[in-house]
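Asks: any chance you can model this:
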Amino acid sequence: MPELPETTSQPISDDRLTVEARDSSNDRSGLPTGRLRRASTRVKRSPWLMAGLFVAPYLILMITWAISNPPGAAPDEPSHLVKSLGMAHFDVGSKYIGTSGATCPASEGQCGHSIFVRRRGDSLRRVVQIPARLSPAGLTCEAFRPDVSAACLSNAPPPGHGTLTATTALGSYPPVLYVPIGLAAISMPTPVDAFLAARVVCALMSA
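Replies: Below you'll find the predicted structure:
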């Protein structure tokens with residue numbers, strides 16, 4: 001009977017142990033576990049990155065509009081500012097007593113409709129107290145006048161001290177969102193600065 005060759009056990013080198021340990025740290029895909037963890041972290045963070053890429057252009061556009069558009073030029077912006085300044089000290093306003101001119105010549109075709117709209121608008125008006133230095137009353141010199149530039153606007157605060165009574169046509173608008181806008185606006189020294197602060201806060205809230 002032939003003799004079997006004698007087998008000898010050889011020590012396993014440190015390099016081979018390192019390779020085996022490295023192989024054992026791989027998963028079935030052949031990728032190192034550590035690399036998979038880093039890739040998984042990047043995947044988890046990607047929704048925030050996508051959200052940032054979606055919000056950033058809109059925010060940049062809004063802030064660019066806020067600093068480039070003349071103050072008071074947006075629709076009903078003076079009324080928005082008055083309501084915001086009132087809500088800065090939680091003044092929702094009292095009922096408006098009076099008329100904004102709810103009359104029209106008999107020759108006008110839609111006279112009845114015009115009076116109805118004006119009377120309805122008067123019923124939604126509210127009277128609030130705002131700082132006299134922030135009154136937007138004088139910032140409408142170019143409103144509805146396409147031949148007049150915004151150079152007619154003045155950044156100087158209006159004359160007067162303390163508070164004054166102002167009317168807003170937005171009495172029916174939900175007041176809560178106007179609180180942070182008003183807190184930013186009421187801290188400004190002039191109406192122009194108040195418009196800018198209100199726009200920037202509104203842009204941040206919208207984003």
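Asks: right, and the helix or strand after the host helix or strand of residue 184?
Replies: In this assignment (DSSP states H and E), residue 184 forms part of helix 178-185. As assigned by DSSP H and E, the chain's next helix or strand after helix 178-185 is helix 191-206.
Asks: that older thread, may I see the buried residues of the helix holding residue 184?
Replies: Residues of helix 178-185 classed as buried by neighbour count (16 or more other Cβ atoms under 10 Å): 178, 180-185. Using the backbone N, CA and C atoms, a C-beta is placed for each residue, glycine as well.
Asks: distance of residue 91 relative to residue 165?
Replies: 11 Å (Cβ to Cβ, to the nearest Å).
Asks: also residue 122?
Replies: For residue 122, the distance to residue 165 equals 16 Å [Cβ to Cβ].
Asks: pull the CA atoms of stretch 123-131 into PDB?
Replies: Taking Å, rounded to 0.1, in the frame of the first residue of the first chain, the C-alpha atoms of stretch 123-131 are listed here in PDB:
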ATOM      1  CA  SER A 123     -67.400  96.700   4.900                       C
ATOM      2  CA  LEU A 124     -64.000  94.900   4.800                       C
ATOM      3  CA  ARG A 125     -61.900  97.900   5.700                       C
ATOM      4  CA  ARG A 126     -60.400  98.200   9.200                       C
ATOM      5  CA  VAL A 127     -58.900 101.200  11.000                       C
ATOM      6  CA  VAL A 128     -55.600 100.500  12.900                       C
ATOM      7  CA  GLN A 129     -53.000 102.500  14.800                       C
ATOM      8  CA  ILE A 130     -49.600 102.600  13.200                       C
ATOM      9  CA  PRO A 131     -46.300 104.600  13.800                       C
END
